[in-house]
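Structure for the following, please:
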Amino acid sequence: GAGVRTRGKSVVALRSGEPLRRRKGCVGNGRRGVTVVLRGRPGESHVCCWKGRRTRMRMMATEAVSPSSASLLLKEYEWRDMDEADKESVVQRPRIDFGSISDIVGPIVEDVRVRGDEAVKELTKKFDRCDLEEVCVEMSQVDWPEGLGKEVTDAFDTAYENIKLFHEAQRQEELKVETMPGVTCRRMSRPIGSVGCYVPGGTAILPSTVLMLALPAKVAGCKTIVMATPPRQDGSISPEVLYCAKKIGVTHLLKAGGAQAVAAMAHGTETCPKVDKIAGPGNQFVTAAKMQLQNSEAMVAIDMPAGPSEVLVIADGGADPAHVAADVLSQAEHGADSQSVLVAIKGVDMEKVQEEIRTQLAKLPRNEAASKALTHSFAVRVDSLEEACEFSNIYAPEHLIVNVEGAERCLDMVENAGSVFLGRWTPESVGDYASGTNHTLPTYGYAKMYSGVSLDTFLKKITVQSLSKEGLKGLGPAVEIMAEVEGLEAHKQAVTMRLKSIHEGH
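Okay, here's the model as predicted:
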């Protein structure tokens, strides 16, 4: 077995015979000299978690299990036992080494900038094991996919209509305000001319992301819409992805993924148009490429930093444990770097929830990815909905599910969230696919300062002002004084000369 002194910290033991890791910020008993001994065969996994602070220590779960099932139990924390440091620590996402990732992404971006299509072909062969004949083609040259069942196309058609309707409703009338007599200010919207939509591939096909990105761009009126998505090894693209792209009216198909696809859209290549803005989720490398390029000579904007998926579920005692577990797993199955958080209000039967997670996970086709995601997922016990919302606002989740009685009252307390799923019958899945809202949302805590993709993502706001003679006579003197205060004489003269002309009767 393995033994270690906790030194005042809670620990989680991963494998018998391996050193135990102290978890900074976890709730511990605060006593020195406590020795934890795990007994079992080398290679067995153990999950240990202690609850209590300074006065008591209660083992929540400890068992020797196989590596594949070791992550079935969510670590549990008590909100009332946590001080500010504990709270700050527990909301931290799984660490991403942005420095190392940037070191990898930088040369890829530069290679594509310099060598264009040739670099994209080489990188696609390296990362996707695909020999591309063409890097980017016009969608008009791509045939409609064959072999899709009517039930599949009907499902995507339903999502298309709902997403289109919701985003069309976001159009705003031109704003026009007379701020003072003779001074009129307006704001008008114009589409961004050329946009890139990144649709992840790899471990799963995501035709829904085509709808969430390209459809709002089309509604906005963007003339050039480039869809980038990783090809399969034979160079083909998922027929479901092509169906959605053709239905929307995507103009170009870039058969590439990863940082190389982002770089191709940002800089342009021999076959791929340069875009003015890139939108879409992706892995850590895609996100790093987007963030690098928005601060480069490429002159490209991005929607937001959208990295690994995450969900926070608020549940009360009336929530069905099977539903709660399904919601936790719905994001965990996205990938090993995803995170699921359960905020359990007093009355939730955590044993039943944990058992449901264990049972449902075993049946998932993507249970390996979900199991890994659960190793850095957790549950927090709170006493009230107010405490639950307080924690949620600190965490700032991408997806917030509110599975409580009278869920509507929670909305006034929500300050930071990408998208909210309200009530017993609103799983996060409906927003991922077809309710009409957008599933491209800020992750990793960026919901504190970013919004999800919307119609505005693909629009520019242009302001207009117009003054009559009377307007300039009323406003001009204030502008002259302010320009003089700032020492900008030419600014002052642009007003003074006009006022002089008005006075002279011109």
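
Quick check: buried residues in stretch 286-297?
In terms of neighbour count (16 or more other CB atoms under 10 Å), stretch 286-297 has its buried residues at 286, 287, 288, 289, 290, 291, 292, 293, 294. The C-beta positions use only the backbone N, C-alpha and C, and glycine is treated the same way.

Work out the gap between it and the centre of the chain.
16 Å (CA atoms, centre = their mean, to the nearest Å).

Equivalent analysis for stretch 144-156, please.
28 Å.

Return the subset of the buried residues of stretch 286-297 lying in strands.
If you go by DSSP state E, those have nothing in strands.

ok, so of those, who is nearest residue 385?
residue 287 (32.8 Å; CB to CB).

pLDDT score assigned to that closest one?
Predicted confidence (pLDDT) for residue 287: 91.

With only the CA atoms kept, save the strand or helix carrying residue 342 in CSV.
Secondary structure assignment for residue 342, by DSSP states H and E: strand 339-345. Taking C-alpha atoms only, strand 339-345 is exported to CSV below (Å, rounded to 0.1, in the frame of the first residue of the first chain):
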residue,chain,number,x,y,z
GLN,A,339,-15.7,19.4,-16.7
SER,A,340,-19.1,18.8,-14.9
VAL,A,341,-20.1,20.4,-11.7
LEU,A,342,-23.1,19.5,-9.6
VAL,A,343,-24.4,22.0,-7.0
ALA,A,344,-26.6,20.0,-4.7
ILE,A,345,-29.1,21.9,-2.6
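
what packs against the next helix or strand after it?
Under the assignment DSSP H and E, the closest C-terminal helix or strand after strand 339-345 is helix 350-363. Contact here means 3 or more CB pairs under 8 Å, 6 or more residues apart in numbering; DSSP states H and E; on that basis helix 350-363 packs against helix 321-332, strand 339-345, helix 367-374, strand 378-382.

Make a markdown table from these and add distance to residue 459 to it.
Listed next are the helices and strands packed on helix 350-363 as a markdown table, based on distance: least, CB to CB, whole Å:
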| stretch | distance to residue 459 |
| --- | --- |
| helix 321-332 | 29 |
| strand 339-345 | 32 |
| helix 367-374 | 35 |
| strand 378-382 | 38 |
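
Of the ones you listed, which is nearest residue 104?
Among those, if distance is taken as CB to CB, the winner is helix 367-374, at 21.2 Å.

So which bits of that closest one are buried?
Result for helix 367-374 [16+ other CB under 10 Å]: buried residues 367, 369, 370, 371, 372, 373, 374.

now swap in stretch 116-128 and tell me
116, 117, 119, 120, 121, 123, 124, 127, 128.

Tell me which of the helices and strands packed on helix 350-363 is the most buried.
strand 339-345 (a mean of 25; mean count of other CB atoms under 10 Å).

got a list of contacts for that one?
Residues outside strand 339-345 that contact it (CB atoms under 8 Å, 6 or more residues apart in numbering): 74, 93-94, 308, 310-317, 324, 328-329, 331-332, 350, 353, 373-374, 376-385, 387-388, 391-392, 395, 397, 404.

Among the buried residues of stretch 116-128, which are located in helices?
117, 119, 120, 121, 123, 124, 127, 128 (DSSP state H).

list the contacts for the first one?
Spelled out, it's residue 117. 135, 136, 264, 269, 270, 271, 272.

what does the model give the spatially closest residue to the last one that is not a sequence neighbour for pLDDT?
Okay, so that is residue 272. Excluding the flanking residues, the one nearest residue 272 by CB to CB, 6 or more residues apart in numbering is residue 136, at 3.9 Å. At residue 136, the predicted lDDT confidence score is 98.

what about residue 136, how many neighbours?
24 (other CB atoms under 10 Å).

Next, work out how far apart it and residue 154 are.
For residue 136, the distance to residue 154 equals 31 Å [CB to CB, to the nearest Å].

Ok, residue 112 next?
Applying CB to CB to residue 112 and residue 154 gives a distance of 39 Å.

Give me the more crowded residue out of those two.
residue 112 (29 against 10).

Under a three-state scheme, what state does the more buried one occupy?
Judged by DSSP: H, G, I helix; E, B strand; the rest coil, the three-state class of residue 112 is helix.

Which residues are in contact with it?
By CB under 8 Å, 6+ apart, the neighbours of residue 112 are 119, 120, 123, 260, 263, 264, 267, 269.

Chain neighbours aside, what residue packs nearest to the third one?
By the measure of CB to CB, 6+ apart, the closest residue to residue 123 outside its immediate chain neighbours is residue 260, 4.2 Å from it.

One more: the fifth one?
On the basis of CB to CB, 6+ apart, the spatially nearest residue to residue 263 that is not a chain neighbour turns out to be residue 112, at 3.8 Å.

is it true that residue 128 touches residue 230?
Yes - using CB atoms under 8 Å, residue 128 is in contact with residue 230, at 5.4 Å.

any residues in contact with both of the two?
In contact with both residue 128 and residue 230: residue 257, using CB under 8 Å, 6+ apart.

got the phi/psi numbers for residue 399?
As for residue 399, its main-chain torsions (degrees, to the nearest 10) stand at phi -120, psi 130.

and it, what does it touch?
Residue 399 makes contacts with 309, 310, 311, 312, 331, 417, 418, 419, 421, 428, 431, 441, as judged by CB under 8 Å, 6+ apart.

let's go with 10 Å and repeat that
309-313, 327, 330-331, 340, 417-421, 428-429, 431-432, 439, 441, 443, 447 (CB atoms under 10 Å, 6 or more residues apart in numbering).

so where's the stretch 51-200 of the chain uncertain?
For the stretch 51-200 of the chain, applying pLDDT under 70 flags the ranges 51-72.

Make sure I have this right: residue 437 is in a helix.
No - with three-state DSSP as the criterion, residue 437 is assigned coil and is not in a helix.

Hmm, it is touching residue 430, no?
Yes - Residue 437 is within contact range of residue 430, at 8.8 Å (criterion: CB atoms under 10 Å).

Please identify which of these two sits among more neighbours.
The residue with more neighbours, out of residue 437 and residue 430, is residue 437; 21 against 16, by other CB under 10 Å.

Now do the more buried one against residue 284, distance only.
Relative to residue 284, and taking CB to CB, residue 437 is found at 25 Å.

Then residue 101?
On the measure of CB to CB, residue 101 and residue 284 end up 5 Å apart.

starting at the chain centroid, how far to stretch 483-499?
On CA atoms, centre = their mean, the centre of stretch 483-499 falls 47 Å from that of its chain.

what does it rub up against?
Contacts for stretch 483-499 (CB under 10 Å, 6+ apart): 467, 469, 472-473, 475-482, 500, 506.

do that again at 7 Å, thanks
With CB atoms under 7 Å, 6 or more residues apart in numbering as the test, stretch 483-499 has contacts from 472, 473, 476, 479, 480.

In helices only, show me those residues.
472, 473, 476, 479, 480.

Out of these, which comes closest to residue 253?
Nearest member of these to residue 253, counting by CB to CB, is residue 479, at 51.2 Å.
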